[in-house]
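Q: Next one to model:
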Amino acid sequence: MVGQETMKTVSLDDTGVELREALRNHPLTQEIPDGVHANLLDGFRLVTLQPGETLLHQLEEASTCYLLLSGSLEAWVGDRQRARLVGTLSPGVLVGEMGALTNQLRSATIRATADSQVIEIPGRNLSQLLRLSGTASSYVLNLLGARLAATDKIFDELSRKPELSTPLPKALFSQLYQRLIGSRLHRPEFLGLASFALVAMVTRLLGEAVPALQGSALFLKGTYLSGFAIFFLSALALFIRFQHHLVRWVAVGLGVGAGLVVNNLSLLIAFDIFYPEVGTVKQAANFSYAMLYRRSESLYALLGVTSLLVFLTYFHGVFRVMWLLLKGLVRRRV
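A: As a prediction, this is how the structure comes out:
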């Protein structure tokens, strides 16, 4: 049962020298030079929890992580009806680091089981720590390894208990939707992916449903020329007047434009072959719009662009974490 949310948060400037010294001795910060150390701590905050209070909620958006200084925390997964305890956390452990580094949704609910104190660390500060310290990188890498091993153990236990391994379809689909779509509706990379895929799919299905369109110069030229116009106008709008609230609309415009262009890429690539004299529009004897439409270049391009956008949307954060850890480990060896 979740207790009443009464968490208290204060700046580290108000917590005294003793707490700062405790942080200095932790693997995350012990290699950081004094001048840099002070700047990094500016974003840290001390959070106090009472028994039963929730620190993190599963499936909520993440931008911070927490270092447990004192007390005890529990990690739960699943909804309230099917919640499962997956671990108990002791002082010194870091919590929520993957969410802070990748901005992914929280993978578990974290609750206090005793009076506890945690340090809230912004994701940008954690990234800087990993870049500067090989010890911090080793610590986080070992922590991730331990978490993966614990996760494998949980899945192994679930596979031996059929009643636990088949969650309610409604709850399962709700979590999948929230993780893959709901939590990303405001992110430019997802909006670009969604608009690109939707426009490309609708245009392709329209061509298949109405075969006459495959040989229509007006339809084929109109789609890729309008795609170019939408793409460049969207990029130009952001270049002329950059505003954060416009980024999402620009992402949609870029996705729509790219979808229209890529879907007819075969026509664009082969245009010079069948129009050796573009100015006079002299058609070759074997020219056919329908033949160009059915060429495979567009499909390969659709798969390639979709794969790139999926990577940027769902996996870029994970690779970024691996890159930060690698740089920290190299720095430690050097």
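
Q: Only C-alpha atoms, please: export the helix or strand containing V247 in CSV.
A: Using DSSP states H and E, the element containing V247 is helix 244-263. What follows is helix 244-263, C-alpha atoms only, in CSV (Å, rounded to 0.1, in the frame of the first residue of the first chain):
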residue,chain,number,x,y,z
HIS,A,244,10.8,24.5,-28.9
HIS,A,245,7.0,24.3,-29.4
LEU,A,246,7.5,24.2,-33.2
VAL,A,247,9.9,21.3,-33.1
ARG,A,248,7.1,18.7,-32.9
TRP,A,249,5.2,20.2,-35.8
VAL,A,250,8.4,20.3,-37.8
ALA,A,251,9.1,16.7,-37.1
VAL,A,252,5.6,15.8,-38.4
GLY,A,253,6.3,17.8,-41.5
LEU,A,254,9.6,16.2,-42.1
GLY,A,255,8.1,12.8,-41.6
VAL,A,256,5.2,13.5,-44.0
GLY,A,257,7.6,14.9,-46.7
ALA,A,258,10.0,12.1,-46.4
GLY,A,259,7.2,9.5,-46.6
LEU,A,260,5.9,11.0,-49.9
VAL,A,261,9.4,11.2,-51.4
VAL,A,262,10.7,7.9,-50.4
ASN,A,263,7.5,6.1,-51.4
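
Q: Going forward, the N-terminal residue is numbered 10.
A: Renumbered: residue one is now 10, and that last one reads helix 253-272.

Q: which secondary structure elements does it contact?
A: helix 197-218, helix 226-249, helix 306-319 (3 or more C-beta pairs under 8 Å, 6 or more residues apart in numbering; DSSP states H and E). Yep, even glycine has a C-beta here, placed from its N, CA and C like the rest.

Q: what about stretch 87-97, average pLDDT?
A: The average pLDDT for stretch 87-97 rounds to 75.

Q: ditto for stretch 144-153
A: For stretch 144-153, the per-residue pLDDT averages 82.

Q: Tell me which residues of that stretch come out buried.
A: T144, A145, S146, Y148, V149, L150, L152 (16 or more other C-beta atoms under 10 Å).

Q: what are the ranges of the helices in this structure?
A: Remark: helices assigned in the chain by DSSP state H are 26-33, 43-50, 106-111, 132-141, 143-168, 171-174, 178-189, 197-218, 226-249, 253-272, 274-283, 298-302, 306-319, 325-342.

Q: Nearest to E83, out of these?
A: Across those, E83 has its closest neighbour in helix 143-168 (13.4 Å, C-beta to C-beta).

Q: Might one say that S204 is in contact with A260?
A: Yes: the criterion here is C-beta atoms under 8 Å, and S204 meets it with A260 at 7.4 Å.

Q: related to what we said a few turns ago, for the helices of the chain, which has the smallest mean pLDDT value?
A: Among the helices of the chain, helix 171-174 scores lowest, at a mean of 50.

Q: For L152, which non-adjacent residue is closest in space?
A: Closest residue to L152 apart from its sequence neighbours, by C-beta to C-beta, 6 or more residues apart in numbering: L103 at 6.0 Å.

Q: for G132, same thing?
A: A109 (3.7 Å).

Q: what sits against the nearest residue to V314 once chain neighbours are set aside?
A: Nearest residue to V314, sequence neighbours excluded (C-beta to C-beta, 6+ apart): V271, at 5.6 Å. V271 makes contact with F205, A209, S307, A310, L311, V314, according to C-beta atoms under 8 Å, 6 or more residues apart in numbering.
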